[in-house]
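**Student:** Take a look and give me a structure for this.
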Amino acid sequence: MKSKNEVISCLSAPLCICDSTLGFGEQAAGAVFSNIEKYRIAQLLDDAGVPQIEAGNPALGTEEKKAVRHIAHMGLDASIMAWNRADIEDVNASIECEVDSVTIALQASNIQIENVLKKDHEWVLDKVYEATDYAAQHGMYISVVAEDASRADLGFLIDFAKVAREAGANRFGYEDSLGVDDPFTCNERIRMIKQISGLDIEIIAHNDFGMATANTLSAAKAGARFARTTTMGLGPRAGCAPLEETAMTAKHMLGMDTGIDTTKLRAVAESVSAASGFQIWPTKPVIGTKCFAQEAGILNNPECTEPYDPAEVGMERSLVIGKHSVRNTIVAAMSEMGIELSRDEAEQLLGMVRRASMMMHRSLSQRELFLLYEDMMSGNNTFDDDIPAQQPAQ
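**Tutor:** Residues are numbered from 1 along each chain as shown. Modelled structure (predicted):
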């Protein structure tokens, strides 16, 4: 268990990622991780340089508590956090697991306060103060999270953050629980909360409208220094901000260092995919197998057709042979097989490739490309449309 000062030292990057694959990620419909899978995922996240791992909610039961406690004792470099409601009993369950950090969360929007909690603003602030103060007295690093913050009154969110700060919180979490925020509004609200509360801000974005990564970047531009993510964006409903997208967009679009070793993110995703049963979609940004597949483009100048080197994420570029291929694609693909084509041969073979691809409604394998090449060189009519129809027998 790290001290609070050691946790703070872990979280020194310009943009710190707290990964919640073991928390929010397991809330994806149908996903259930065994404890041994959780330990493996935690180790891989740590190997990738994730500075803080949310290991789960100990109040959910014995098995969850066992898993959180085990991860807290794995000797990882990352800070280990547990999720809690704003309730002293929840905090006690986390303390018993010997984690070094806790999330203390409570609803902040009027619609949820009135219809879910059936309480008022004063009750919410009292509960936040009580649980946060209790965790602070036990030496915990604390993130206080306002759930459904995107639908909450801005003035109340500022009061929420001020109470959290007074009680000993280290940061304030703005959770867009239903994914209804947009980057412009998110930026304005977080900028205001940070300016008035004086607390570090964490963005927790959900993806119901496909805006989770955009909202996370927008929040970071507004001064949020923390982002909570999940591998592959797994999470309830449409999911959360993906770890891999957040790390890469922060690096390339904002010039912000997260300390993440992006070459290891594909390995993390493979482990999470196996544990959850959710496949890695081939065109999934950053980690999809087809992210660097080129069917058309300038192959000898990849900087013209790729936003970053695939080696940054442990991937490799590949050639796709099909309808949209160009002559250079054919020349490069045949060269890989040790065959050098003349310009005319490449043009002829390209025409055959395009025709075959359209007829089969797919791209071609290298073997199929080679067979077309053999047909071309032998003069064999692959498409047999020039062969006269056979006369019926008399």
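
**Student:** does residue 98 really touch residue 72, like I thought?
**Tutor:** Yes - in this structure residue 98 lies within contact range of residue 72 using CB atoms under 8 Å: 5.0 Å. Bear in mind the C-beta positions are built from the backbone N, C-alpha and C, glycine included.

**Student:** Overlap of the contact sets of those two?
**Tutor:** Both residue 98 and residue 72 are in contact with residue 1, where contact means CB atoms under 8 Å, 6 or more residues apart in numbering.

**Student:** For residue 270, see how far away residue 205 is.
**Tutor:** As judged by CB to CB, to the nearest Å, residue 205 and residue 270 stand 24 Å apart.

**Student:** Tell me the bridge partners for the residue nearest to the spatial centre of the chain.
**Tutor:** By CA atoms, centre = their mean, the chain has its centre lying nearest to residue 242, at 1.4 Å. For residue 242, the beta-bridge assignment (DSSP bridges) gives partners residue 230.

**Student:** Show the model's pLDDT score for it.
**Tutor:** We have a pLDDT of 98 for residue 242.

**Student:** and it, what does it touch?
**Tutor:** 212-213, 229-233, 285-286.

**Student:** mind listing the helices in this structure by residue range?
**Tutor:** 4-10, 35-47, 62-72, 88-97, 110-112, 121-137, 154-167, 183-197, 212-221, 243-253, 265-276, 327-336, 343-360, 366-378 (DSSP state H).

**Student:** Compare residue 98 and residue 72 (neighbour count), which wins?
**Tutor:** residue 72 (25 against 13; other CB atoms under 10 Å).

**Student:** And that one, how far from residue 183?
**Tutor:** Taken as CB to CB, the span from residue 72 to residue 183 is 35 Å.

**Student:** and if you look at residue 332?
**Tutor:** As judged by CB to CB, residue 332 and residue 183 stand 39 Å apart.

**Student:** Over to residue 83?
**Tutor:** For residue 83 relative to residue 183 (CB to CB), the value is 26 Å.

**Student:** The two: which is more packed in?
**Tutor:** Neighbour count, other CB under 10 Å: between residue 83 and residue 183, residue 83 has more, with 24 against 18.

**Student:** residue contacts, the more buried one?
**Tutor:** Residues in contact with residue 83 (CB under 8 Å, 6+ apart) are 20, 23, 54, 56-57, 102-103, 105.

**Student:** swap the cut-off to 7 Å and go again
**Tutor:** 23, 54, 56-57, 103, 105 (CB atoms under 7 Å, 6 or more residues apart in numbering).

**Student:** Among those, which one sits closest to residue 93?
**Tutor:** Distance to residue 93 across those (CB to CB) is lowest for residue 57, with 8.3 Å.

**Student:** shouldn't the closest one be in contact with residue 63?
**Tutor:** No - assessed by CB atoms under 7 Å, residue 57 is found out of contact with residue 63, at 11.5 Å.

**Student:** which of the two has more neighbours?
**Tutor:** Ranked by neighbour count (other CB under 10 Å), residue 57 and residue 63 place residue 57 first, with 22 against 12.

**Student:** How about the more buried one, nearest residue that isn't a chain neighbour?
**Tutor:** Among residues not flanking residue 57 along the chain, residue 83 sits closest, at 4.4 Å (CB to CB, 6 or more residues apart in numbering).

**Student:** who does the one you found bridge with?
**Tutor:** Assessed by DSSP bridges, residue 83 has beta-bridge partners residue 103.

**Student:** Which of residue 205 and residue 270 has more residues huddled nearby?
**Tutor:** Each of residue 205 and residue 270 has its neighbours counted (other CB under 10 Å); residue 205 has more, 31 against 15.

**Student:** Distance check, the more buried one against residue 365.
**Tutor:** On the measure of CB to CB, residue 205 and residue 365 end up 40 Å apart.

**Student:** what does the helix or strand of the chain with the lowest mean pLDDT rub up against?
**Tutor:** The least trusted helix or strand in the chain, going by mean pLDDT, DSSP states H and E, turns out to be strand 293-294, with a mean of 72. Under the criterion CB under 7 Å, 6+ apart, residues 305, 317-320 lie in contact with strand 293-294.

**Student:** what would those look like in TSV with neighbour count, pLDDT and distance to residue 338?
**Tutor:** Shown next, in TSV, are those (neighbours: other CB atoms under 10 Å; pLDDT from 0 to 100; distance: CB to CB, whole Å):
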residue	neighbour count	pLDDT	distance to residue 338
305	13	73	25
317	16	76	20
318	13	75	18
319	20	75	15
320	17	80	20
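
**Student:** how does this structure divide into domains?
**Tutor:** Domain segmentation of the chain under automatic domain parsing yields 4-276, 293-378.
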